[in-house]
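Asks: coordinates only, no sequence provided:
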């Protein structure tokens, strides 16, 4: 589960490509963008789930107060 306190630090990253017709930099940039978008989407989905859970909890708390 991703939350506001999760951090990732990359100390050393080496990427090698053997691609015809596209330079290493372009290939890395294309793949990095693809995967960072996937990671960001999953992070946003996890945050949305957490907000939904908090709303559900708060609704339950209000219901209990009126009983």
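Replies: Looks like it came in fine. Note that the structure is a prediction, hence the values are computed from the model and not measured. Residues are numbered from 1 along each chain as shown.

Asks: and residue 9, how far is that from residue 47?
Replies: Between residue 9 and residue 47 the distance is 21 Å, computed by C-beta to C-beta, to the nearest Å. Placement of C-beta: from N, CA and C, glycine included.

Asks: neighbour count for those two, which is higher?
Replies: Remark: of residue 9 and residue 47, residue 47 carries more neighbours, 13 against 4, as counted by other C-beta atoms under 10 Å.

Asks: so for the chain, the centremost residue is which one?
Replies: In the chain, the C-alpha nearest the mean C-alpha coordinate belongs to residue 43, at 2.7 Å (C-alpha atoms, centre = their mean).

Asks: got the phi and psi for that one?
Replies: Backbone dihedrals for residue 43, given as degrees, to the nearest 10, come out at phi -60, psi -50.

Asks: and the helices in the protein?
Replies: For the chain, applying DSSP state H gives helices covering 24-65.

Asks: any weak-confidence spans in it?
Replies: Low-confidence segments of the chain, defined by pLDDT under 70, span residues 1-5, 17-21, 61-67.
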